[in-house]
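Visitor: sequence and predicted structure are below.
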Amino acid sequence: MSEEEISAEIILDHYRNPHNYGKLEGSNASMTEYNPICGDTVHFQLRIAGTVIEDAKFVGRGCSVSQASASMLTDMLKGKPIEYLESLTESGFLDVLGIKVGPAREKCALLSLTAAKKAVKASR
C-alpha cells in the first residue's frame with residue numbers, strides 16, 4: 001500500500017469509528033462551523049484549564065473528510081497547550097491528514113480546525 005492509500009484507510013477508520021464523538025460535559029469553549037457548499041457541520045467543544053486543553057469532543061454530520069478530520073484533531077489537542085492549537089496552520093493540518101484534497105474538499109477538512117480556533121478565541 002502507498003502512503004496515500006494508508007492515509008485514506010486511516011481517514012475511513014476515523015469516519016467509521018470517530019474518536020471523542022459526543023457532548024463534552026464541562027466544556028468552556030465551543031463553536032459550530034458549517035460548509036454551505038456541501039452541508040457538512042462540525043460542533044467542536046473544548047474544556048480548557050488555564051492554558052491547557054484538557055479534553056476535546058465533537059458532534060457533526062457530513063463527509064468522511066470533515067468527520068475524520070474532527071476525530072483526528074480531538075486526538076491531537078488533548079493535553080496540549082492552547083498555543084499548540086493556535087500554531088497549527090491550515091497547510092500543516094492538511095499534511096497531518098495525509099491525503100490530497102481538492103479545493104472543494106479542503107473546506108471540509110478544515111471545518112474542525114476553524115471551529116476549534118474560533119472556540120478558543122471566543123472563550124477569552
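Guide: Great, that's in hand. Residues are numbered from 1 along each chain as shown.

Visitor: buried sites along stretch 81-88?
Guide: 82, 85, 88 (16 or more other C-beta atoms under 10 Å). Glycine gets a C-beta too; all of them are placed from N, C-alpha and C.

Visitor: dump that stretch to CSV, restricted to CA.
Guide: The C-alpha coordinates for stretch 81-88 follow below in CSV (Å, rounded to 0.1, in the frame of the first residue of the first chain):
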residue,chain,number,x,y,z
PRO,A,81,-1.3,23.9,25.5
ILE,A,82,-3.6,26.3,23.7
GLU,A,83,-0.6,27.7,21.9
TYR,A,84,-0.3,24.3,20.1
LEU,A,85,-3.7,24.8,18.6
GLU,A,86,-3.0,28.4,17.7
SER,A,87,0.2,27.4,15.9
LEU,A,88,-1.5,24.8,13.7
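
Visitor: hang on, the earlier thing: nearest to Thr32, of the buried residues of stretch 81-88?
Guide: The nearest member of the buried residues of stretch 81-88 to Thr32, counting by C-beta to C-beta, is Leu85 at 17.0 Å.

Visitor: for the helix or strand that closest one falls within, packing partners?
Guide: Per DSSP states H and E, Leu85 falls inside helix 82-87. Identification of packing neighbours for helix 82-87 by 3 or more C-beta pairs under 8 Å, 6 or more residues apart in numbering; DSSP states H and E yields strand 52-61, helix 103-123.

Visitor: mind putting those in CSV, distance to Phe44 and mean pLDDT included?
Guide: Compiled in CSV, the helices and strands packed on helix 82-87 are given as follows (distance: least, C-beta to C-beta, whole Å; pLDDT from 0 to 100):
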stretch, distance to Phe44, mean pLDDT
strand 52-61, 5, 98
helix 103-123, 4, 93
